[in-house]
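Participant: Sequence first, then the predicted structure:
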Amino acid sequence: MLAAYVAGGALPFGGGPESAALYRVVHEEPDLSRLPPDLRDLLGRCLAKHPGDRPAPNELIDAVRAHPAVGAHPEFTDGWLPRGVSSEIGAHGGLPGHIHAQPTLAAVTPTAPAGAHQAPDSGDRADPATRPARRSRRRRPVAVLAALLLLALGGTAYYVLDHRKGAANDSSDSSGRPHTPSSLPPTPSPRPSSPPSEPAYVPDYSDAELTAPDPDYEFDLSARKVVPAETADWYLEVADGEFVLPEDSDAFVAAGYVLSPADCVRGIETEPVTMLPFDELADERPFCVRSPDEKSIVIVRLVEAVASEGAVTVVMSGHRESG
């Protein structure tokens, strides 16, 4: 995704709330319309959902070499890897195909042809208004080159890690115990990290029973009242047998009949929903809606939905983040 962002200037799965973006990464296809045509197929394969559909590291390296913006033998600077990694790679014969690291300026900066006349550094220069604009023409090739280098370095890193794993397996003795080379210090065991704290919420209002007489009205979640449709910023709209949310809000439907703000936050992070049909909310099964700024949560129960009249009755309890 980083290479697609560098080459196209936009995230391939869009922005918005983190939970919604993660949902699109898992279930939706990336938007590669901003990418240069010569990179869409390669980056599209890199973002494939199934690991078997993604290109192997050697395919990425070959694709970068074949691209005209890089060339078959790119030049790289020394010292780009950590000392321990570079020394181990040197002991095993180096990287495949002499791929090394970051490009020098000579690889991306055009040079004047031999014999070309260069203007002297004097006051006799062309009017800036008559000079051709160059920034817009150079930006895309540099972005393409950066994306290709990210792909090449990704393939190389995968090779290094896989090579290190294979070498560790080969160094096991006959007793089955792994042999640690004396030149490499043992890796310390990671310390257990404490789980991130969840935000605390305090009650804002409780058990507010409201009725929308027909689809021309909606529930204002901030003001806890019924208002004409399309007038509230944070709302529950009634339409065609379901509740409709704002695009930048998150929701979660409880599995049972008890739902707390903490349950709501965990549910939104793991099982967010975008559709709330009435038939899935029968028997007052609770669901929650989180505000776009993630500072407020409203827990809702559907009390009654009269299909013939269009009237919908709910009970809502609001909570806001403490502090």
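Facilitator: Sure thing, it's come through.
Participant: Break down the protein into its strands, ranges please.
Facilitator: 201-212, 217-220, 225-228, 235-239, 242-244, 250-253, 276-277, 287-290, 296-306, 311-321 (DSSP state E).
Participant: And the ones you listed: which comes nearest R65?
Facilitator: strand 250-253 (44.0 Å; Cβ to Cβ). For glycine as for every other residue, the C-beta is placed from the backbone atoms N, C-alpha and C.
Participant: That closest one packs against which elements?
Facilitator: Helices and strands touching strand 250-253, by 3 or more Cβ pairs under 8 Å, 6 or more residues apart in numbering; DSSP states H and E, are helix 261-270, strand 287-290.
Participant: ranking these by burial, who's on top?
Facilitator: strand 287-290 (a mean of 24; mean count of other Cβ atoms under 10 Å).
Participant: Nearest to G44, out of the helices and strands packed on strand 250-253?
Facilitator: Closest among these, once you apply Cβ to Cβ, is helix 261-270, at 27.7 Å.
Participant: average pLDDT across the closest one?
Facilitator: Averaging pLDDT along helix 261-270 gives 93.
Participant: Numbering from 2 from now on, please.
Facilitator: Let's use 2 as the start, then, which means that last one is helix 262-271.
Participant: Quick one: list the elements packing against it.
Facilitator: Packed against helix 262-271 by the contact rule (3+ Cβ pairs under 8 Å, 6+ apart) you find strand 251-254, strand 288-291, strand 297-307.
Participant: export those to JSON lines and tack on distance to A57 and mean pLDDT?
Facilitator: Listed next are those as JSON lines, based on distance: least, Cβ to Cβ, whole Å; pLDDT from 0 to 100:
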{"stretch": "strand 251-254", "distance to A57": "37", "mean pLDDT": "94"}
{"stretch": "strand 288-291", "distance to A57": "41", "mean pLDDT": "96"}
{"stretch": "strand 297-307", "distance to A57": "45", "mean pLDDT": "92"}
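Participant: so can I have a markdown table of these showing distance to P52?
Facilitator: Below are the helices and strands packed on helix 262-271 laid out as a markdown table (distance: least, Cβ to Cβ, whole Å):
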| stretch | distance to P52 |
| --- | --- |
| strand 251-254 | 29 |
| strand 288-291 | 32 |
| strand 297-307 | 36 |
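Participant: what's the nearest residue to V307 if we skip its chain neighbours?
Facilitator: V313 (7.6 Å; Cβ to Cβ, 6 or more residues apart in numbering).
Participant: correct me, but that neighbour touches L282?
Facilitator: No. Using Cβ atoms under 8 Å, V313 is not in contact with L282; the gap is 10.6 Å.
Participant: Now do the residue nearest to V307 against E238, distance only.
Facilitator: 10 Å (Cβ to Cβ, to the nearest Å).
Participant: Quickly list what's touching both of those two.
Facilitator: Counting by Cβ atoms under 8 Å, 6 or more residues apart in numbering, V313 and E238 have no shared contacts at all.
Participant: of these two, who's got more company?
Facilitator: V313 (26 against 17; other Cβ atoms under 10 Å).
Participant: dump the residue contacts of the more buried one.
Facilitator: Shown in contact with V313 (Cβ under 8 Å, 6+ apart): 212-213, 239, 279, 303, 305-307.
Participant: Let's see that with 6 Å instead.
Facilitator: 213, 239, 306 (Cβ atoms under 6 Å, 6 or more residues apart in numbering).
Participant: partner residues bridging it?
Facilitator: Beta-bridge partners for V313, by DSSP bridges, are A213, A306.
Participant: Give me the pLDDT for the closest residue to A201 other than its chain neighbours.
Facilitator: Excluding the flanking residues, the one nearest A201 by Cβ to Cβ, 6+ apart is S323, at 4.7 Å. pLDDT for S323: 86.
Participant: Isn't S323 up against V203?
Facilitator: Yes. Assessed by Cβ atoms under 6 Å, S323 is found in contact with V203 at 4.8 Å.
Participant: which of the residues in stretch 216-227 are buried?
Facilitator: By neighbour count on 16 or more other Cβ atoms under 10 Å, the buried set for stretch 216-227 is 218-222, 227.
Participant: Reformat those residues as JSON lines; add distance to D264 and pLDDT.
Facilitator: Shown next, in JSON lines, are those (distance: Cβ to Cβ, whole Å; pLDDT from 0 to 100):
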{"residue": "Y218", "distance to D264": "29", "pLDDT": "94"}
{"residue": "E219", "distance to D264": "25", "pLDDT": "95"}
{"residue": "F220", "distance to D264": "21", "pLDDT": "95"}
{"residue": "D221", "distance to D264": "24", "pLDDT": "95"}
{"residue": "L222", "distance to D264": "18", "pLDDT": "94"}
{"residue": "V227", "distance to D264": "27", "pLDDT": "95"}
